[in-house]
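> fold the following and give me the result.
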Amino acid sequence: MKLTDCINICGGRLVKDGEFEVLEYCTAEVDKKFLSFIEREKFISKISQNVSCVLCTEELVACLPDFIEGICVVEEPKKMFVTLHNELAKSEAYAGPRKPTRIGENCDISDLACIAKENVTIGNNVTIEPFVVINSNVEIGDNCIIRSGTTIGGKGFNFVKTADGEMLGMRDLGRVVLGSNVEICSNCHVANGPLPTDVTRLDDHVKMDVFAQIGHGSRVGRRTLIASGAQISGNVVIGEDCWIGVNATISNRINIGDNARVNLGSVVTKNVEAGTAVSGNFAIDHGRFLSHIKELSKKEV
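Numbers count the residues shown, from 1 in each chain. The predicted structure follows:
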């Protein structure tokens, strides 16, 4: 696609033309030429080398790196980015082809489950209980179990507030991929992402307890256990063999290493190193947390 082709959709002033394959956020690690937006100067130093075209404000044009091929000046870059995405989503060239849903052998799928008729792939020996919703762009591996009331590929929480107070949502074009032997208990939600490059992934043998949420674009490593009520925000990366405790909350774009423990009720706002445990709100090293509690207990006495 060329930036000139987008002017009729997003408007603005074309500074120079360029080509792109997909839309992405400016710091994304995507091995494709992509169009992004810039609204603040602080993000310019973080722009990916694969950004080929940019929507930006007039004052930021002179600050952009030389490798950017195409520049279009608009008043609200993020709004125009979302508008362009939603318009391109109507085209299979951008959104991807539509294919009939495929279901493997020896599956036990309730008649009361709702499975999209297109772009769903279900492996062999899969159990799907009543009132499960499987939306488009979902892949489910062999031997998975999805319990009642769970939604896979639900709407991601992506909204943009414009200068005039309008709230724009983004159409979800990403994918949700469940590995083999994944079990998701009742009333959970695994969100899809807005961009075609977004993948929400639960690797082999991941287990989720009831009322847990996985945000769009997050990845959960093999054999990780996610307890009841855990809230995992978007674009989180959780390693293998981790424990995410009851009612734990993990903020956006956090990395959690292999064999780490996020204990019950923790609110995680910083990366967690492999093999460590964190507790508290905001979460800190579990040993430090216990020492702090002991000190507080002594003062109260």
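
> and the strands in the stretch 201-301 of the chain?
Remark: strands assigned in the stretch 201-301 of the chain by DSSP state E, counting those that start in this stretch are 207-208, 213-214, 219-220, 225-226, 231-232, 237-238, 243-244, 249-250, 255-256, 261-262, 267-268, 277-279, 284-285.

> format the ones you listed as JSON lines; extra columns: mean neighbour count.
C-betas here are computed from N, CA, C, even on glycine. Shown next, in JSON lines, are the strands of the stretch 201-301 of the chain (neighbours: other Cβ atoms under 10 Å):
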{"stretch": "strand 207-208", "mean neighbour count": "24"}
{"stretch": "strand 213-214", "mean neighbour count": "24"}
{"stretch": "strand 219-220", "mean neighbour count": "23"}
{"stretch": "strand 225-226", "mean neighbour count": "22"}
{"stretch": "strand 231-232", "mean neighbour count": "22"}
{"stretch": "strand 237-238", "mean neighbour count": "21"}
{"stretch": "strand 243-244", "mean neighbour count": "22"}
{"stretch": "strand 249-250", "mean neighbour count": "22"}
{"stretch": "strand 255-256", "mean neighbour count": "21"}
{"stretch": "strand 261-262", "mean neighbour count": "24"}
{"stretch": "strand 267-268", "mean neighbour count": "20"}
{"stretch": "strand 277-279", "mean neighbour count": "22"}
{"stretch": "strand 284-285", "mean neighbour count": "15"}
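
> make CSV from those and add mean pLDDT and distance to E59 to it.
Formatted as CSV, the strands of the stretch 201-301 of the chain follow (pLDDT from 0 to 100; distance: least, Cβ to Cβ, whole Å):
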stretch, mean pLDDT, distance to E59
strand 207-208, 98, 46
strand 213-214, 98, 38
strand 219-220, 98, 37
strand 225-226, 98, 44
strand 231-232, 98, 37
strand 237-238, 98, 34
strand 243-244, 98, 43
strand 249-250, 98, 36
strand 255-256, 98, 33
strand 261-262, 97, 42
strand 267-268, 96, 36
strand 277-279, 95, 41
strand 284-285, 76, 40
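
> dump those strands to JSON lines, plus distance to L195.
Listed next are the strands of the stretch 201-301 of the chain as JSON lines, based on distance: least, Cβ to Cβ, whole Å:
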{"stretch": "strand 207-208", "distance to L195": "24"}
{"stretch": "strand 213-214", "distance to L195": "17"}
{"stretch": "strand 219-220", "distance to L195": "15"}
{"stretch": "strand 225-226", "distance to L195": "24"}
{"stretch": "strand 231-232", "distance to L195": "19"}
{"stretch": "strand 237-238", "distance to L195": "17"}
{"stretch": "strand 243-244", "distance to L195": "25"}
{"stretch": "strand 249-250", "distance to L195": "21"}
{"stretch": "strand 255-256", "distance to L195": "20"}
{"stretch": "strand 261-262", "distance to L195": "27"}
{"stretch": "strand 267-268", "distance to L195": "25"}
{"stretch": "strand 277-279", "distance to L195": "30"}
{"stretch": "strand 284-285", "distance to L195": "34"}
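
> do you know which of those strands lies nearest V82?
Closest of those to V82 is strand 213-214, at 22.8 Å (criterion: Cβ to Cβ).

> against which helices or strands is the closest one packed?
If you count contacts as 3 or more Cβ pairs under 8 Å, 6 or more residues apart in numbering; DSSP states H and E, strand 213-214 packs onto strand 189-191, strand 231-232.

> to G149, which of those lies closest?
Nearest of the helices and strands packed on strand 213-214 to G149, taken as Cβ to Cβ: strand 189-191 at 9.7 Å.

> how far off centre is that closest one?
Relative to its chain's centre, strand 189-191 lies at 9 Å (Cα atoms, centre = their mean, to the nearest Å).
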